[in-house]
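S.K.: here is my input, please return the structure:
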Amino acid sequence: MHTPQPVLATPSYVPRVKFVNFEVPLYRTPEQAACPYCETGVTTEVTFRVGAYAWLMCLVFVLCGLVLGCCLIPFFVNHFKDAYHTCPRCHRVLHVQKRSCCS
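M.R.: Residues are numbered from 1 along each chain as shown. The predicted model follows:
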């Protein structure tokens, strides 16, 4: 008698390799990058949001005696805020450049 040989089926799902480009560091200006989510080359959109550094500088301004509204400067100046790089196509965050005391 002949025994049937098992047939190996190829998997229907082939995992895709995600491409992430770390050759150019993302700082505080829009940069060319490869989005790992939509897998396209894009120029990032940068938005600034208040982070820990802005709150720390506000506290420093209060301790220095700038209490008549001047302590709120870090909340209105982008230099003190964190920079969020997002993809203009899928609107996902690609990188966050956080401000720190050393930079």
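S.K.: what pairs with the host helix or strand of residue 95, parallel or antiparallel?
M.R.: Here residue 95 sits within strand 93-97, counting by DSSP states H and E. Taking DSSP bridges as the criterion, strand 93-97 forms sheet pairs with strand 82-86 (antiparallel).
S.K.: picking up where we left off before, distance from the chain centre to the strand holding residue 95, please.
M.R.: Per Cα atoms, centre = their mean, to the nearest Å, the displacement of strand 93-97 from the mean C-alpha position of its chain is 1 Å.
S.K.: average pLDDT for it?
M.R.: Averaging pLDDT along strand 93-97 yields 91.
S.K.: cool, and stretch 56-66?
M.R.: Across stretch 56-66, the average pLDDT comes to 86.
S.K.: just how off-centre is it within its chain?
M.R.: Between the mean C-alpha location of stretch 56-66 and the chain-wide mean there is a distance of 28 Å, by Cα atoms, centre = their mean.
S.K.: picking that back up, buried set for the strand holding residue 95?
M.R.: Applying a neighbour-count criterion of 16 or more other Cβ atoms under 10 Å, the buried positions in strand 93-97 are 94, 95, 97. (Glycine included, C-beta is placed from N, CA and C.)
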